[in-house]
Every structure is written in structure tokens, then in C-alpha cells.
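Q: Sequence first, predicted model second:
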Protein chains: 6
Amino acid sequence: MFAVEVREHIMIAHSFRGDLFGRAQGVHGATFVVDVAFFREELTGDGVVVDIGRAGDALKRTLAPLNYKNLDDLPQFAGRNTTTEFLAKHVFDAMAQAAHDGELGPGGEGIARIRVTLHESHVARAWYEAGLGDG
Amino acid sequence: MFAVEVREHIMIAHSFRGDLFGRAQGVHGATFVVDVAFFREELTGDGVVVDIGRAGDALKRTLAPLNYKNLDDLPQFAGRNTTTEFLAKHVFDAMAQAAHDGELGPGGEGIARIRVTLHESHVARAWYEAGLGDG
Amino acid sequence: MFAVEVREHIMIAHSFRGDLFGRAQGVHGATFVVDVAFFREELTGDGVVVDIGRAGDALKRTLAPLNYKNLDDLPQFAGRNTTTEFLAKHVFDAMAQAAHDGELGPGGEGIARIRVTLHESHVARAWYEAGLGDG
Amino acid sequence: MFAVEVREHIMIAHSFRGDLFGRAQGVHGATFVVDVAFFREELTGDGVVVDIGRAGDALKRTLAPLNYKNLDDLPQFAGRNTTTEFLAKHVFDAMAQAAHDGELGPGGEGIARIRVTLHESHVARAWYEAGLGDG
Amino acid sequence: MFAVEVREHIMIAHSFRGDLFGRAQGVHGATFVVDVAFFREELTGDGVVVDIGRAGDALKRTLAPLNYKNLDDLPQFAGRNTTTEFLAKHVFDAMAQAAHDGELGPGGEGIARIRVTLHESHVARAWYEAGLGDG
Amino acid sequence: MFAVEVREHIMIAHSFRGDLFGRAQGVHGATFVVDVAFFREELTGDGVVVDIGRAGDALKRTLAPLNYKNLDDLPQFAGRNTTTEFLAKHVFDAMAQAAHDGELGPGGEGIARIRVTLHESHVARAWYEAGLGDG
């Protein structure tokens, strides 16, 4: 299996509900360095997994509505804990949709799996990975 | 599949037996930066894979008996080469037991896989990964 | 000149005032990975710049009131833009005070300079460095 | 599953054919930091996945003909786009052959999978991973 | 002294003249991850060293004519070895000019020093640092 | 000022004497990732600070007697705490001598300063920096 991975980042505020989160129940924030890996069984005729330029653009479009925001204020996340894990799945869903909609250009149609990793610090990160048929 | 990964480190001495190891047959040492990834099919009701605080505490408890030690002196490793690979499995077993014993708190019961990575330098690392049913 | 550097991190929310900041005028957040370097002309009798354990503890005490907070709510930052640069100086002042107050233990009295670096992402960071006589 | 990973790097020039590549159709270059991971179900009697010294030597032998070259001039790549993904497969094939030919020493015969990752910058990388029976 | 540092990267081909360079006398290439640090004695009224957005844009404009090029073909480098050290000074000169020309916006006029670091691999890098009065 | 920096690593065991060191008074170990930076006012006629190949070789020769050793057994360190700071100075002295003895080749004679950094983990490092006239 081939894979290619691109990186962007966002800087957001949020708070969590639940005793589990201790001090993180207050409004705080994070820099999330976001890696998206696209998996494909074979390379395209150009010799790539996907057009890395278009893939990066699709990732930027996905992250733009979150960047420099307090996620507690965004209607799409109402009533949800926007944990690192949860956001990994959120970005996964958007990138899977972008592949489905042809936004990734040549090669995008054959993407078999996607993995989205969010690094929240030098000591913690989370990811979500699934096949595009079972995500 | 969701995953969350936490990081700690230890600084140990040890020696290896066997011609394969060349100069590393003498007493030397290593800093091991240890990443433990917990995999779970679905998030808990709180929106996490596992309580990252309790997971980190369990990892610290697992590493404490090794940290600042000469592993050659520890009875649990008698007659074994404490290679990076071997230690990855050692930490895996302890973290799997912690999950089984409920030490990881809410979410710990549903952990499907664990991967333990030990970085021994900027150019080498080893890991062990298995499902909790087949580790 | 000798130096030793220790690392911690915080996860905070804040907002900025001023057209310069564009979208960052809204409430957002950051993970700051904080490196504090202590400089000393000569090593102590123990062969160190400073007791790395006590230095790390002093750094944790300095960061604790900021960690998991919205900095806009903290009285000590009222009316200030808590930029990465500004926070580097804030941590510097606290570490310089800790050295002055003897909190760093043996060696702390001879620290000549301190540099505090805050990494806000994989592509941006800021720092403040000064001698303890001119900070 | 156990794994051990070693790192080397190369500095090459090349150009790409195809509108997809935009400005990268001209002669440019890259530093590729190359990680090769060897997977094995069980450790050898010495307690390792593979002899890390021999594995590193085999990787160096594989990369030497590419290092400090313009890949456009190499006959083995004639008519091919030497993308990061393509080169990951090229290195994979050579490492799989090395395992098959016994060049990796004790343990090499039991290697189940290999993954080759090429980091082309701090924000992009590609890899190829396969079992040695299906590569 | 305060500092803020931003990062971009370029992917170039080039060759070197001189026995010193051994195999690097042939056409090869590099990814250069470029960090530019701006130093300032005091923060601006906004609480920054420099407008990080404008600084990043100025760096992109400086790097654009080099990116995806064979530096051997560029008239501005005719007869020069475009070593990592040399390129660090090239970028420094352009950034110093940008500060002088007011392209960095508010704060740019007070920049005291600039340091430009080019990382050519995970094991080697070079930089040039000077005051804006003595660069 | 120009600088170029090269990286190697060693894996050693050692122990410390003094209450300050707590648990590190027992035999333990470390991976030290060693960066050596050479500073020079002007580039050589070849356009470099120093021959990076020869500099790397000199660093390897300096580190070889320490690598895979228990530093407590080495006569040159008898009665000394081989702290990270102390070892930085040890490597500095050897590299300064190599420059003085002409081992670094063309350019080596004009090196103005050297900085040696030892990274002992992802959260701690130490360095020693001095001019070659005052080291």
C-alpha cells in the first residue's frame, strides 16, 4: 500500500464537559498540527498517490472554519466535546467527502484509506483511520 | 479506528550477550522515549479513546522500576537481552494488564489494540503492536 | 558558557486586540511548548549548571496558573496582548525571580543568563533572552 | 507484531513530467530522509527483529547509487517520474531483495513486512508498506 | 532581547565546484527548511517583535525565485557555490532589505538582528546571523 | 557570523556522585544526540564554513572512545561526574583541538567559535559554547 501525507495546523480554543477532564473543563486552547495520510493500492499514471497540491488545498479548506476560533461557539460542534480524537474524525469525514466529490483531482477516486493525526503537543497526539468504504 | 498516544522517557544502562551485538556487548546505556498508543473502535461517551491522564499515570508506573537503573541488575530481566524490541513488548504487556485491571479508567475496557514505540536515538526505534486479545 | 535547557508545555486560550492580528482578534488558543535555558560561566562542584529537577519544578510552578486557562480572564494580563513574545518575557521574569530567591538550589545563584523559548507550532516560535543583571 | 526502524538520507535532483506537477516539472531537488521499518512476528533468539547494523548497511548500499545524483540521468529510472511515492517502492523492493538474499543476517529470513518512508520536508512524506509475500 | 522565528521550505537542485565537495560536484539537490528569526530589543505597542504574517509573506517572496529551480541556472548565483551557508546569507540579505524597505510592517523598523537557518537534513544545518547595522 | 552544524550520537552508561542527583546516583545511561556548530566570520573560497565531511569525521573520532561504554570505567573521567554539561565541554575541547591541529581541513584555521549541544531526551539538553581563543 502506498501513502502520502500532508501537514497543516490550527490554533483553537475550546472547553470540555465531564469530570474526566479536570482542569480542561475550563476554556483553554491548543495548537493542532494536522497530518492527513492518503492510502492507495497503486500509483496513478503520473506516479503519485494523489495530487499533493490539491490535497493540501482541500485540507486548508477543511480547517479554515476552525482556525482561530473558539470551537464552543461553532454550531456544528454544539453539545460535543471537541477532543483531539473527535476532531481527527471530523477532519477525516471532510477529507473523505473531498475525495468522494472529486476535489482531490486525478488519483482521488482510488484512495482506499485515510488517516488523520492531530498532534496536540510534543507528548500527545490522536488519530482516526479508516477505509473509505467503512469510515 | 481511533487512537490516542502519550509519551514518557527513561534513561537506563544495560549490556547484551551475543556476537551480533558487537561493541554493545559491554555495559552502555540509552534514553528511550516511549510512546504508547491506545486504539479503540468508538469513542466513549465523553468523546475520548481513554482518560489520557490515567493512561499517562499507568505508563509512569510501568516505567518507574526501569528508570535510572542498570537493567542487567533487575531480576525480571535475568538471562534476557533487554533490546529495544524486547522492552517494547515488556511495556506493552504492562499496559495491556493495566487496561485489563481497570487502571485506565472509563474507556479502558474497550481498548482494542496497543502499540508501544521506543525511540532509542534520532535514527532508530522499535515497537510492538498487538490486539488485546492476541498480545 | 555552559547551558542546560528543560521543557514543559501549556494549553491556553486568549484573544488579541489590534488590526495587526486579523482573525486572531477572536478567542482562539495555542499549545506552547516552553523551553527554558539556564546559562552559567562555570559548572558547580557537582558538575552541573543547575539542579535540573528543581529547575523543572520551578518552571512547572510558573506555568501552572496559565495552563488550561483563558489568559483573557487572568488579572495579571489585563489590558495586555498575551502574544508568544510577551509570554516568553513573562516566564523569563518568573524564572529569574526563582533564581534570585534560591528556588533553583545549588548553582542557581550563579546563573548568568536565561532564555525562554515558546514554540507555538511546527513553523513558528518566539523567545526572550537576557542576562540576570539586565533582564 | 514487532518492528525496528532505521534512518538514512539522500540528496538528489530530478524533474517530473505531467501538468499535475506544475513548477516541479523543472529540474529541482530534495533531501529525502529515509526510514525503513522491518516487521517480524517473533524476536530472534538474540532478542531482535533484525541485525540493525546489517540492516543499516543494506540500506546504505541501496541508497548509494541515488545519493548526490540527478535521478533523471539514471537508466533504472528512465521514463519514470521519481516521485517520493515511487522512490519509497524502489527502496522497498531493494530491501525486500536484501532480506531474500540473506544480506540482513540472522532474523532477516523471518521478516514479514517492510515499510519504507521518505520524508521530503517538515510538512510532507510518503511511504510504501507490504508483506514480503505480496510486495 | 526578543525574537520571533518563522519557517518555510524550498526544494532545489544545484552542483558544487571544488574537490572539497567530492560526489556533491555532480548535479544533486536538497530540501531546505528555512527558519528566519527577527530580534528586537523591545516589543511594539501591539506586543510583538514583528507582524508574523507580513514577515512570512516577505520570506515566501524571497524564496519563490529559488523554489523548484536548479540554482546553477540562476544568473544571480553565476560562478558561486550555492552552499547551505551561502544561501543562508542570500536569504539574510533579502530579509534585511525587506526590513529596511518597510515590507515587514509595524515593528519592522526596529529589528536589531536577523538569523537565517537552513536545515538541509536531520543531521546538518547552517545559518547566518548579523545585526542589521553590520550585516 | 556564519555557522554550520553536524550531528552524531552515542549510547553510554554512567553514574553520578552527590545527593543532588537522587536516583541518578545509580548506574543508568543515556543516548546523547550530539550537535557540533562551527562559527566563522567569513566563508572560505569554496563558500563553506568548514569541510562538513572532515568535521563529521573528527566528531566521530572524538565520540568513538565513549560510544557503547560505561563512562565510569574510563580513566579520562575518573573522579568526575560525566553530566550532560560536562560532556559538552569534553567534546568542545576535542573539537577545538581538532581545529587547532588542522584536522578539519580548509577553513578549519578560521573557526572563531564552537558550540557543542547534547540532547539527552526530548525534554532536556545542555551545551557549551566558546570562542576558540577563550575556550
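A: Cool, got the structure. Computed from a prediction, not measured in an experiment: that's the story for all the values here. Numbers count the residues shown, from 1 in each chain, chains lettered A, B, ... in the order given.
Q: centroid residue for chain A?
A: Taking C-alpha atoms, centre = their mean as the criterion, A:V91 is the residue nearest the geometric centre of chain A, at 3.0 Å.
Q: so the nearest residue in space to that one that is not next to it in sequence is in which element?
A: Across the structure, with C-beta to C-beta, 6 or more residues apart in numbering or on different chains as the measure, the residue nearest A:V91 apart from its sequence neighbours is A:V116 (4.6 Å). (C-beta placed from N, C-alpha, C; glycine too.) When elements are assigned from DSSP states H and E, A:V116 belongs to strand A:113-121.
Q: That strand pairs with which strands?
A: strand A:28-40 (antiparallel), strand A:124-131 (antiparallel) (DSSP bridges).
Q: For those, could you give me JSON lines that also reports mean pLDDT and mean neighbour count?
A: Formatted as JSON lines, the entries for the strands paired with strand A:113-121 read as follows, by pLDDT from 0 to 100; neighbours: other C-beta atoms under 10 Å in any protein chain shown:
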{"stretch": "strand A:28-40", "mean pLDDT": "98", "mean neighbour count": "24"}
{"stretch": "strand A:124-131", "mean pLDDT": "98", "mean neighbour count": "21"}
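Q: Switch these over to JSON lines; also include distance to F:V49.
A: Formatted as JSON lines, the entries for the strands paired with strand A:113-121 read as follows, by distance: least, C-beta to C-beta, whole Å:
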{"stretch": "strand A:28-40", "distance to F:V49": "32"}
{"stretch": "strand A:124-131", "distance to F:V49": "36"}
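Q: got a list of what the nearest residue to A:S15 once chain neighbours are set aside touches?
A: If you skip the residues right next to it in sequence, A:S15 has A:V27 as its closest partner in space, 4.6 Å away by C-beta to C-beta, 6+ apart. When the contact criterion is C-beta atoms under 8 Å, 6 or more residues apart in numbering or on different chains, the partners of A:V27 are A:13-15, A:70, A:72, C:13, C:27, C:69-70, C:73.
Q: Of these, which belong to strands?
A: Assignment to strands by DSSP state E places the following of the contacts of A:V27 there: A:13-14, C:13.
Q: For burial, what's the neighbour tally of the residue nearest to A:V91?
A: The local packing count at A:V116 equals 26, with neighbours defined by other C-beta atoms under 10 Å in any protein chain shown.
Q: roughly how far is stretch A:20-28 from the heart of the chain?
A: Counting by C-alpha atoms, centre = their mean, to the nearest Å, stretch A:20-28 is centred 23 Å from the centre of its parent chain.
Q: May I see the buried residues of that stretch?
A: Of the residues in stretch A:20-28, those scored as buried under the neighbour-count criterion (16 or more other C-beta atoms under 10 Å in any protein chain shown) are A:20-21, A:24, A:27-28.
Q: Next: stretch A:92-108.
A: By neighbour count, with 16+ other C-beta under 10 Å as the criterion, the buried positions of stretch A:92-108 are A:92-96, A:98-99, A:104-108.
Q: what's the neighbour count on A:L59?
A: For A:L59, the count of nearby residues is 22 (other C-beta under 10 Å).
Q: what about the nearest residue to A:D51 once chain neighbours are set aside, which helix or strand?
A: Distance criterion C-beta to C-beta, 6+ apart; nearest residue to A:D51, sequence neighbours excluded, is A:G105 at 4.2 Å. Following DSSP H and E, one finds A:G105 outside all helices and strands.
Q: separation between A:G105 and chain F?
A: When distance is defined by C-beta to the nearest C-beta, to the nearest Å, A:G105 is 37 Å away from chain F.
Q: list the contacts for that residue?
A: Counting by C-beta under 8 Å, 6+ apart, the residues that A:G105 touches are A:50-51, A:54, D:20.
Q: Ramachandran coordinates for it?
A: Main-chain torsions, A:G105, degrees, to the nearest 10: phi 80, psi -160.
Q: ok, now the one 4 residues further on?
A: Backbone torsions of A:E109, given as degrees, to the nearest 10, read phi -70, psi -20.
Q: you'd agree it is up against A:G102?
A: Yes - because the distance of 7.1 Å satisfies C-beta atoms under 8 Å, A:E109 is recorded as touching A:G102.
Q: near chain F, which residues of chain A show up?
A: Contact residues, chain A versus chain F (C-beta under 8 Å from any C-beta of the partner chain): A:122-123.
Q: re earlier: tell me the confidence at the residue nearest to A:V91?
A: In this model, A:V116 is scored at 98, pLDDT.
Q: Check A:D134 too.
A: Here the pLDDT value assigned to A:D134 is 53.
Q: One more: A:E109?
A: 87.
Q: Relative to chain E, how far out is the nearest residue to A:D35 once chain neighbours are set aside?
A: Nearest in space to A:D35, with sequence neighbours left out and distances taken as C-beta to C-beta, 6+ apart, is A:T117 at 4.3 Å. In this structure, A:T117 and chain E are separated by 19 Å, where distance is defined by C-beta to the nearest C-beta.
Q: Would you quantify the distance from A:T117 to D:L118?
A: Taking C-beta to C-beta, to the nearest Å as the measure, A:T117 falls 18 Å from D:L118.
Q: Kindly report the same for A:A58.
A: Note on A:A58: its distance to D:L118, by C-beta to C-beta, is 22 Å.
Q: Would you state the helices of chain A in chain order?
A: For chain A, helices defined by DSSP state H occupy the ranges A:52-63, A:84-100.
Q: Enumerate the residues of chain A near chain D.
A: So chain A meets chain D at A:1-8, A:43, A:46-49, A:51-53, A:105-106 (C-beta under 8 Å from any C-beta).
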